[in-house]
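**Q** need coordinates for the following:
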Amino acid sequence: MSTSAVRVSPPLAESVSLDSDALTVRLSDGRTVTVPLEWFPRLRAATEEQRANWRLIGDGVGIHWPDLDEDLSVEGLLVH
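**A** The predicted structure is shown next:
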């Protein structure tokens, strides 16, 4: 009998949206995670323009807001 290792890739962020109350991230595995902005004081206090200026980092491992010097990881969103 032979066995082979199965490599499981962590989910990656594919898209991000924010409104005045929540951060929503669509993941590569089909899930959508929505968390309250209350968890992230910098995002909560930011202007709409600052919140809209984000980019994916590490091929989707995380999200970066350059205007706010804020970084969030997908892993952190899933275990928060």
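
**Q** off-centre distance for the helix or strand bottoming out on mean pLDDT in the chain?
**A** Sorting the helices and strands of the chain by mean pLDDT, DSSP states H and E puts helix 74-79 at the bottom, at a mean of 93. In terms of C-alpha atoms, centre = their mean, to the nearest Å, the centre of helix 74-79 is set 8 Å apart from its chain centre.

**Q** pretty sure H64 contacts L43?
**A** No. If you go by C-beta atoms under 8 Å, H64 and L43 don't touch, sitting 11.9 Å apart. Bear in mind the C-beta positions are built from the backbone N, C-alpha and C, glycine included.

**Q** between those two, which contacts overlap?
**A** Counting by C-beta atoms under 8 Å, 6 or more residues apart in numbering, the contacts common to H64 and L43 are E70.

**Q** between the two, which one's more packed in?
**A** Each of H64 and L43 has its neighbours counted (other C-beta atoms under 10 Å); L43 has more, 21 against 15.

**Q** so what's that one up against?
**A** 18, 23, 37, 51, 65, 68, 70.

**Q** alpha carbons only: can I get whichever strand or helix holds it in CSV?
**A** Element membership of L43, judged by DSSP states H and E, is helix 41-45. Taking C-alpha atoms only, helix 41-45 is exported to CSV below (Å, rounded to 0.1, in the frame of the first residue of the first chain):
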residue,chain,number,x,y,z
PRO,A,41,-9.8,50.6,15.2
ARG,A,42,-7.7,52.1,12.4
LEU,A,43,-10.1,50.9,9.7
ARG,A,44,-13.1,52.1,11.8
ALA,A,45,-11.6,55.6,12.2
